[in-house]
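>>> the sequence and its predicted three-dimensional model are supplied below.
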Amino acid sequence: MDISSTEIWDAIRRNSYLLYYQPKVDAKTNKVIGFEGLIRLKTATAVLAPMDFFEDVALLNATREMQDFVAETAIEQLNQLGGRFSISINIPAHYVVSSNYMASLYDYVKENLKYPECLEIEIIERGEITELAVADKNLRKIKNLGVKVSMDDFGKGYSSLAYLRSLPIDIVKTDMSFIALLKTDRRQQIIIQAIVNLCHDLGGKVVTEGVEDIEQVKKLREMKVDYFQGFYFSRPLPMEEIKQKYSIV
């Protein structure tokens with residue numbers, strides 16, 4: 001479906017966003033323990049995934065409004081879930097070094113979230129974090145509330161090992177490309193196992209993103225991965241559909 005830029009820009013200006021949720025599953029119990037909140041844009045004729053509107057958001061200088069929507073919606077949903085599940089929200093790397101943004105997020109979490117231990121900040125790399133000391137300070141402050149920090153697409157970005165050493169990261173998410181070759185590429189298996197071992201040795205947890213079939217599940221379970229996420233379990237869905245699918249009341 002071809003959607004005009006006018007329709008997309010109109011939806012962005014109206015802040016017509018939705019938050020979809022993709023489950024994270026405990027590798028040991030096979031139970032849903034939380035969700036990743038994923039942004040969508042509702043236009044007059046369709047619901048768009050990020051790849052279809054991110055550039056337009058940037059052109060309109062509307063990234064902060066979108067970021068605020070994600071955090072505020074996830075926090076409202078966490079309160080409704082009553083502390084039974086976690087929700088992770090994506091925050092671009094350059095926002096993590098913005099003391100203004102992180103202070104605003106800290107204040108909002110402190111004032112509005114009843115279950116801060118259920119919120120997870122997921123750092124996504126759209127550029128290198130050059131001010132690691134600032135990022136560390138900002139993240140440690142919000143972690144004092146109980147919030148957890150994860151690194152998305154570990155092993156793919158600019159300086160994954162440097163971040164793991166310098167930042168207070170609780171959870172690592174492996175890049176989806178690693179999982180795609182899991183069953184056939186021995187070298188890829190060795191890399192994933194090394195990431196799992198490293199994170200566990202540092203006291204962290206590992207989420208494997210992009211899990212699509214039972215063979216991957218079995219192999220990753222042998223590797224002692226902590227959590228699964230992927231289409232094998234569920235595609236991202238609105239919360240009402242998630243609640244129906246998993247009988248959440």
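That came through, no problem.

>>> the helix or strand bottoming out on mean pLDDT in the chain: which residues count as buried?
Least confident helix or strand, the chain: helix 176-180 with a mean of 83, by mean pLDDT, DSSP states H and E. For helix 176-180, the neighbour count (16 or more other CB atoms under 10 Å) marks 176, 178-179 as buried. Backbone N, C-alpha and C define where each C-beta goes, glycine included.

>>> next, count neighbours for the nearest residue to residue 180 once chain neighbours are set aside.
Closest residue to residue 180 apart from its sequence neighbours, by CB to CB, 6 or more residues apart in numbering: residue 210 at 6.6 Å. Neighbour count for residue 210, taken as other CB atoms under 10 Å: 19.

>>> for residue 210, give its distance to residue 229.
Distance of residue 210 to residue 229, given as CB to CB, to the nearest Å: 8 Å.

>>> ok, residue 193 next?
18 Å.

>>> closest one to residue 78 out of the buried residues of helix 176-180, please.
residue 176 (25.3 Å; CB to CB).

>>> contacts only, for the residue nearest to that closest one when sequence neighbours are not counted.
Nearest residue to residue 176, sequence neighbours excluded (CB to CB, 6+ apart): residue 210, at 3.3 Å. Contact analysis of residue 210 by CB atoms under 8 Å, 6 or more residues apart in numbering lists 176-180, 229-230.

>>> how about 10 Å then?
Residue 210 makes contact with 173-180, 182, 216, 228-232, according to CB atoms under 10 Å, 6 or more residues apart in numbering.

>>> okay, it: pLDDT?
For residue 210, the model assigns a pLDDT of 93.

>>> and the longest helix for this protein?
Looking across the chain with DSSP state H, the single longest helix is helix 63-81.

>>> so the helix or strand following that one versus helix 63-81, what angle?
The helix or strand immediately downstream of helix 63-81 is strand 86-92, counting by DSSP states H and E. Counting by axes from the mean of the first three to the mean of the last three CA atoms, to 10 degrees, strand 86-92 lies at 170 degrees to helix 63-81.

>>> so what does strand 86-92 touch, helix or strand wise?
Packed against strand 86-92 by the contact rule (3 or more CB pairs under 10 Å, 6 or more residues apart in numbering; DSSP states H and E) you find strand 17-26, strand 32-42, helix 63-81, helix 99-112, strand 119-124, strand 148-154, strand 171-174.

>>> the helix or strand just after the second one pairs with which strands?
Right, strand 32-42. Per DSSP H and E, strand 32-42 leads on to strand 47-48 as the next helix or strand towards the C-terminus. Note on strand 47-48: by DSSP bridges, its sheet partners are strand 32-42 (antiparallel).

>>> out of the buried residues of helix 176-180, who's nearest residue 163?
For these, the nearest to residue 163 is residue 178 (17.0 Å; CB to CB).

>>> so how far is residue 12 from the closest one?
Using CB to CB, residue 178 is found at 33 Å from residue 12.

>>> so residue 195 lies in a strand, does it not?
No. Looking at residue 195 with DSSP: H, G, I helix; E, B strand; the rest coil, it is helix, so not inside a strand.

>>> tell me who's in contact with residue 10.
Taking CB under 10 Å, 6+ apart, we find residue 10 in contact with 4, 16, 43-44.

>>> need the buried ones from those residues selected in PyMOL.
The following PyMOL selection, which keeps only the buried ones among those, applies the criterion 16+ other CB under 10 Å:
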select buried, resi 16+43
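
>>> of all the contacts of residue 10, which two lie farthest apart?
Taking CB to CB as the measure, those have their most distant pair in 4 and 16, spaced 14.9 Å apart.

>>> okay, now the unreliable bits of this structure?
1, 126, 157-159 (pLDDT under 70).

>>> repeat that for 90
1-2, 124-130, 153-165, 175-185, 188, 191, 249 (pLDDT under 90).

>>> same list, the helices and strands packed on strand 86-92, but as CSV with mean neighbour count please.
Output for these, formatted as CSV (neighbours: other CB atoms under 10 Å):
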stretch, mean neighbour count
strand 17-26, 20
strand 32-42, 21
helix 63-81, 17
helix 99-112, 15
strand 119-124, 22
strand 148-154, 22
strand 171-174, 25
